[in-house]
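Visitor: Generate a structure from the sequence data that follows.
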Amino acid sequence: MNSSDLVAFYAPRLESMPDPALVMNQDGDVLYANSTLREMGNTPLGALAPGNITEELRSMVRGREREAPGDDRPPVREFRLRVVLPDGAGTRHVNWKCAAVPTSDGITILAWGTFRSTGPGREMGFTVLPSGIIQAASPALCAVCGYSRDELVGRPARQFYYTAASRRRIVNQLNERSEVENGAVTLRRKDGSPLTLWYSAEAIRDAEGRIRAYSGYFQERPFPFSSKLASEFTRIVDALPDLAWVCGRDLRIVAANQAYLQAYGRARHDVIDRTEYDFLEPRQARFPIEAAIKVFEEKQELLHPAVPHLTDPRVWYRVIRRPIFDDDRQEVIGLLGIAQDISAKVLQENAFMEQLRGGEGDVVVVTDDQGRILRRSAQTLNPSIFGRPEAFDAYTLDMRPVLDLLHAEDLPKVRQAMHNALREHREQHLECRIRNQAGEYSTVLTRLVFNDTFYGEPRMYAVVRDISGQVGLRTAPMVIERLRQASGARTDRELASFLNVSAAAISNARKSGRIPPDWLIDTGLRTGRSIDWLVCGTQALPC
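Guide: Residues are numbered from 1 along each chain as shown. Next up, the predicted model:
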C-alpha cells in the first residue's frame, strides 16, 4: 500500500470527524485535510499556532526511521497546540494524536486533533488577552450583543459584563484551574439590556504554563427551570401580602403577585417572561438586575433594609432576595423577591436623622448592631467618603462594616465607642480618621446615638462632621495666638501676666504642644470668648 492508497482509505473517515484531521508524508507535505481543518485558514496548517505541527510530525518520523527492523508497531505521539479559529471565533487548545504508518513509498502520518471541551467554537467565540483587552470576537457574538466588530475588538472586556464582579469571578476561576470552565454569565448589550448566556472558556497557556489568553464561546440555550419555578411558586407568591416575585437565572420574571403589578402599574403580560429592563426605564432597571446577578453569583440571600420605590421615591421598601436552589442544592436556579412597605417608618427615621444634624455639613450614617452601613442622609463630605448619593443609592450602598473605612490606629477607640452606644445606650463623642474616595484620610468628629424605636431592632446613628481643616487650628501656637487675641496681649510676656504665669511657661507650652486647660477656662470666663473658639478656632461649631 502506498500513500495514495492510504489517503483513499482514510479520507471518508477523517471527513466525518468533527475535529481537525490530516494525512502527511514524511517530508511534511499535507496529502489530505478534512473540512474542519480546511475551514481554519487559507491553508490547512496556516491557522495553527505556534505552527510547529510539521516539526512535531517530522520528529516522530525520524524516531520511526531509527526503530529496529521488524518492529511494525505504529508509534502514536501526543502533543498539544493552539489553534486560531476562523472569523474571530477565538483560540483553542487542540490535543493532537499522530500515528506513523509504513507505506511502500515511505512513512505516511495520520494526525487527528481533539478540541478540549470548549469545542471547535463555531458558536459565539471570543479571545481576551490577560490584560483584559478583547482580541477576537466572532460575528455571531457581535450580532447578538448589537456591537460591530470594531466596537468590541481592542476594548476592555469589563465594559461588556453587566457587573464587574462577574468578570472577576470567571477570570479567577480560569487562573486557579487549568481545566475548562462552564457556567452562565450576564453581558450588557449595546442598548444596555442584560443578556444571560452560557459560556465555556479556558485559559490558553504556553509551554511554560504562562497564560497567553482566555478563550471560549457563548451559547444561547433555554433555562430549563423556568417552567418549574412558575408552577411551584405562582400560588406562593400570590398568597403573600407584600410585593413578591420570582425570576429565573436568565433574569426573566416567571411569577409576580398583584401587589407587585400594582406597584409598577403593569399588567401581568407586561411582566411575566420579561426582565425589569423590558418594563422599566434603563436607569431604574439597572439596580434590581445587578442585585439579582449578585444573588445568583454569590448564592446568598441579599437584604436591602431601605430602598426607595423605583417609580415613586416617596415609597420605601425593605427588600429581600432569596436564592432558589436546584434539588441537589448545588446551583441557584432562581430567586424569590419580597418587598415590604416601610414608608411610614422611613419618614419617622428621616425626621430623627434631620434632628441629629447640628449643621448643614453634617452627614448621618445609619448602621446595624454589627456596624454594617444601612443608609445615610443625602449630604456628603468633601472629599467624599461614601460618594454622592444617587436617586436609588440604597440598591448599591455597600453593606460592609464601617470599621473597614477607619484608620487602623483609631479602631480600638471606635470599637469601644460603638460598644458603649449599642450595648449601654450611651451617646458617644469621638474623633477618628476615615478613608475618603481620594485615597486619603479625613479627620471627622463623630457623635454616636442609639435608637431602636423605628424598626424594633437596634440601630446606631453616626453624625459625622469633617474637621480636617480645623486640625491645624488646634496646634499649640495657634491656640496661644487666640489666647493673646482674646486677652488683648501683644506679646507672650503680656499674655503670661494676664494668665498669672511666667513667660517661660508660655514658651514651654508652645514647644511641648500642650496648653493647660485652666488657661482656656480662665480666659473664657474673663473675656466671654467661647471655649470652642479658643480650642478650635470656630465660634459656632463644637470641636
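Visitor: ok, the nearest residue to residue 514 once chain neighbours are set aside - contacts?
Guide: With sequence-adjacent residues excluded and distances taken as CB to CB, 6 or more residues apart in numbering, residue 514 is closest to residue 476, at 6.7 Å. Placement of C-beta: from N, CA and C, glycine included. Contact partners of residue 476, counting by CB atoms under 8 Å, 6 or more residues apart in numbering, are 509, 510, 512, 513, 514, 515.
Visitor: my guess is the first one contacts residue 477, does it?
Guide: When you say that, I think you mean residue 509. No. Between residue 509 and residue 477 there is no contact under CB atoms under 8 Å: 9.5 Å.
Visitor: rewinding a little: which among the contacts of residue 476 end up buried?
Guide: Among the contacts of residue 476, those classed as buried by 16 or more other CB atoms under 10 Å are 509, 510, 515.
Visitor: Please render these as a markdown table that adds distance to residue 360, secondary structure and pLDDT to the earlier fields.
Guide: Shown next, in a markdown table, are the buried ones among the contacts of residue 476 (distance: CB to CB, whole Å; DSSP: H, G, I helix; E, B strand; the rest coil; pLDDT from 0 to 100):
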| residue | distance to residue 360 | secondary structure | pLDDT |
| --- | --- | --- | --- |
| 509 | 35 | helix | 89 |
| 510 | 35 | helix | 88 |
| 515 | 30 | coil | 89 |
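Visitor: now those in JSON lines, with distance to residue 264?
Guide: Formatted as JSON lines, these follow (distance: CB to CB, whole Å):
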{"residue": "509", "distance to residue 264": "67"}
{"residue": "510", "distance to residue 264": "67"}
{"residue": "515", "distance to residue 264": "62"}
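Visitor: Go through these and say which is closest to residue 302.
Guide: residue 515 (51.3 Å; CB to CB).
Visitor: Does the closest one touch residue 478 like I think?
Guide: No. Using CB under 8 Å, residue 515 makes no contact with residue 478, being 10.1 Å away.
Visitor: okay, and for the protein, where does confidence drop off?
Guide: 40-75, 86-89, 116-122, 378-400, 471-473, 537-543 (pLDDT under 70).
Visitor: Contacts only, for the residue nearest to the spatial centre of the chain.
Guide: Taking CA atoms, centre = their mean, the centroid of the chain lies closest to residue 165, which sits 2.5 Å from it. Neighbour list for residue 165: 293, 294, 297 [criterion: CB under 8 Å, 6+ apart].
Visitor: most neighbours, which of those?
Guide: residue 293 (21 neighbours; other CB atoms under 10 Å).
Visitor: which helices and strands sit right next to the helix or strand that one falls within?
Guide: In this structure, residue 293 sits in helix 282-298 according to DSSP states H and E. Applying 3 or more CB pairs under 8 Å, 6 or more residues apart in numbering; DSSP states H and E, one finds that helix 282-298 contacts helix 164-176, strand 181-188, helix 276-279, strand 302-308, strand 316-325, strand 332-341.
Visitor: Give me whichever of those is most buried.
Guide: Greatest average neighbour count among the helices and strands packed on helix 282-298 goes to strand 332-341 (a mean of 21), per mean count of other CB atoms under 10 Å.
Visitor: Show me what counts as buried in whatever helix or strand comes next after that one.
Guide: As assigned by DSSP H and E, the chain's next helix or strand after strand 332-341 is helix 343-356. For helix 343-356, a neighbour-count test (16+ other CB under 10 Å) marks 345, 346, 349, 350, 352, 353 as buried.
Visitor: Can I get helix 343-356 in CSV? Just the C-alpha atoms.
Guide: The C-alpha coordinates for helix 343-356 follow below in CSV (Å, rounded to 0.1, in the frame of the first residue of the first chain):
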residue,chain,number,x,y,z
SER,A,343,-42.6,54.2,54.1
ALA,A,344,-44.1,55.3,57.5
LYS,A,345,-41.0,54.1,59.4
VAL,A,346,-38.7,55.8,56.9
LEU,A,347,-40.5,59.1,57.3
GLN,A,348,-40.1,58.9,61.1
GLU,A,349,-36.4,58.0,60.7
ASN,A,350,-35.8,60.8,58.3
ALA,A,351,-37.2,63.3,60.8
PHE,A,352,-35.0,61.8,63.5
MET,A,353,-31.9,62.0,61.3
GLU,A,354,-32.6,65.6,60.5
GLN,A,355,-32.9,66.5,64.2
LEU,A,356,-29.5,64.9,64.8
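Visitor: tell me the angle it makes with strand 302-308.
Guide: 80 degrees (axes from the mean of the first three to the mean of the last three CA atoms, to 10 degrees).
Visitor: If I take whichever helix or strand comes after helix 343-356 and helix 343-356, what angle do their directions form?
Guide: For helix 343-356, the following helix or strand on the C-terminal side (DSSP H and E) is strand 363-367. In terms of direction (the same axes, to 10 degrees), strand 363-367 departs from helix 343-356 by 130 degrees.
Visitor: Tell me the helices and strands packed up against strand 363-367.
Guide: Using 3+ CB pairs under 8 Å, 6+ apart: strand 363-367 touches helix 343-356, strand 373-376, strand 459-466.
Visitor: name the helices or strands packed onto the particular helix or strand that has residue 443 in it?
Guide: Per DSSP H and E, residue 443 falls inside strand 441-451. The contact analysis (3+ CB pairs under 8 Å, 6+ apart) places strand 441-451 against helix 343-356, helix 411-423, strand 428-435, strand 459-466, helix 468-471.
Visitor: let's see 10 Å
Guide: If contacts are counted by 3 or more CB pairs under 10 Å, 6 or more residues apart in numbering; DSSP states H and E, strand 441-451 sits against helix 343-356, strand 363-367, helix 411-423, strand 428-435, strand 459-466, helix 468-471.
Visitor: Can you lay out the helices and strands packed on helix 282-298 as CSV showing distance to residue 200?
Guide: Below are these laid out as CSV (distance: least, CB to CB, whole Å):
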stretch, distance to residue 200
helix 164-176, 11
strand 181-188, 5
helix 276-279, 26
strand 302-308, 28
strand 316-325, 23
strand 332-341, 19
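Visitor: and the helices and strands packed on strand 441-451 as a markdown table, adding distance to residue 91?
Guide: Below are these laid out as a markdown table (distance: least, CB to CB, whole Å):
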| stretch | distance to residue 91 |
| --- | --- |
| helix 343-356 | 53 |
| strand 363-367 | 48 |
| helix 411-423 | 48 |
| strand 428-435 | 41 |
| strand 459-466 | 51 |
| helix 468-471 | 52 |
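Visitor: Show me where the stretch 101-250 of the chain has its strands.
Guide: Using DSSP state E, counting those that start in this stretch, the strands of the stretch 101-250 of the chain run over 106-115, 124-128, 134-137, 181-188, 194-205, 211-219, 243-248.
Visitor: Is it possible to get those strands out as JSON lines so that each row also shows distance to residue 338?
Guide: Listed next are the strands of the stretch 101-250 of the chain as JSON lines, based on distance: least, CB to CB, whole Å:
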{"stretch": "strand 106-115", "distance to residue 338": "45"}
{"stretch": "strand 124-128", "distance to residue 338": "36"}
{"stretch": "strand 134-137", "distance to residue 338": "39"}
{"stretch": "strand 181-188", "distance to residue 338": "22"}
{"stretch": "strand 194-205", "distance to residue 338": "22"}
{"stretch": "strand 211-219", "distance to residue 338": "32"}
{"stretch": "strand 243-248", "distance to residue 338": "5"}
